[in-house]
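[1] Sharing a sequence plus its predicted fold:
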Amino acid sequence: MDRLHLHLISDSTGETLENIAKAAIAQFDDVEVVRHFWPMVRSESHLDRIMAEVQASPGMILFTLVNGDLRASLERRAGAQGLPLVPALDAVTDALSRMLGQEAKARPGRQHVLDAAYFARVEAIQFTVAHDDGIGWDNWEEADILLAGVSRTSKTPTSIYLANRGYKTANIPIVPESPPPEALFTLKRPLVVGLTTSFDRLVQVRRNRLLSLNQVPETAYVDEERVKAEIAYARRIFADNDWPVIDVTRRSIEETAAAVIQLAEDRAGRAA
């Protein structure tokens, strides 16, 4: 098996660089890749420390640096060590420059936009985890999106996916025996979306869930009449409150999240 040291050098969080590296590495078999991740590189002294590590573990350097002096220094040092150096975004930037007829603006300040987006996603994820399964209903008004539905309609994974896209998302199970708090019906800021699924699919998913937990697969949780009543109860709530509804029966998490995002964007467009 081949072994490669891959040094990722970025003047920002390095998320884009890391994703590019992962996608490229996935194209090769029988290769052990040792990744060395160097984010927030914005000074010559920082580059000094990195290049000492690169010299100790030589390999390919993949980078995104907008500062011209820092980039020139990296190119000079890599050349002196005879190491392959790949500017990850140059081909795309050059193509856009030719098509748009203008030079790219190498502004370090633009990296702060990426940083702000990163921290916004972290905040959204923290909020979403803290508001899973009906928790924290007293501050649902802070959410961007709230997902409602009976148990096993993919509320939690969809919420986490939306959080990774920067949306603060809460979710609540709709249970006939335990009606949702009144706060759910008075929300102004969040987009409330109902998630539903077919009866057959819901029973199957619930039964598989019980089996995965080594529990008896024939309980009230999968009783046909009870499940039908749950679905009907949830759909009445959705209709009474005029919430948009997404059927997740044949949708992946990504497809459901995309549909929710489209609803959010449509709502924002109408409000603008």
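    Received the coordinates, thanks. Please read these numbers as outputs of a predicted model, since none were measured by experiment.

[2] So which residues of the stretch 51-200 of the chain form strands?
    Remark: strands assigned in the stretch 51-200 of the chain by DSSP state E, counting those that start in this stretch are 60-64, 85-87, 145-149, 169-173, 191-196.

[3] in its sheet, what does the shortest one sit against?
    In the sheet containing strand 85-87, the strands it pairs with under DSSP bridges are strand 60-64 (parallel).

[4] how about the strands of the stretch 51-200 of the chain in CSV, adding mean neighbour count, distance to residue 224 and mean pLDDT?
    For every residue, glycine as well, the C-beta is placed using N, CA and C. As requested, the strands of the stretch 51-200 of the chain are exported to CSV (neighbours: other Cβ atoms under 10 Å; distance: least, Cβ to Cβ, whole Å; pLDDT from 0 to 100):
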stretch, mean neighbour count, distance to residue 224, mean pLDDT
strand 60-64, 21, 55, 93
strand 85-87, 16, 59, 92
strand 145-149, 26, 19, 98
strand 169-173, 26, 19, 98
strand 191-196, 22, 17, 98
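
[5] In CSV, list those strands along with distance to residue 79.
    CSV is the format used below for these (distance: least, Cβ to Cβ, whole Å):
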stretch, distance to residue 79
strand 60-64, 11
strand 85-87, 8
strand 145-149, 50
strand 169-173, 48
strand 191-196, 53
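
[6] so which of those comes closest to residue 28?
    strand 60-64 (12.4 Å; Cβ to Cβ).

[7] Now the closest one - C-alpha only, CSV.
    Output in CSV follows, covering the C-alpha atoms of strand 60-64 (Å, rounded to 0.1, in the frame of the first residue of the first chain):
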residue,chain,number,x,y,z
MET,A,60,2.1,17.0,-1.5
ILE,A,61,1.0,20.5,-0.5
LEU,A,62,-2.6,21.5,-1.3
PHE,A,63,-3.3,25.2,-0.4
THR,A,64,-5.6,28.2,-0.5
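
[8] How far does that strand sit from its chain's centre?
    24 Å (Cα atoms, centre = their mean, to the nearest Å).

[9] which other residues reach stretch 265-272?
    residue 191 (Cβ atoms under 8 Å, 6 or more residues apart in numbering).
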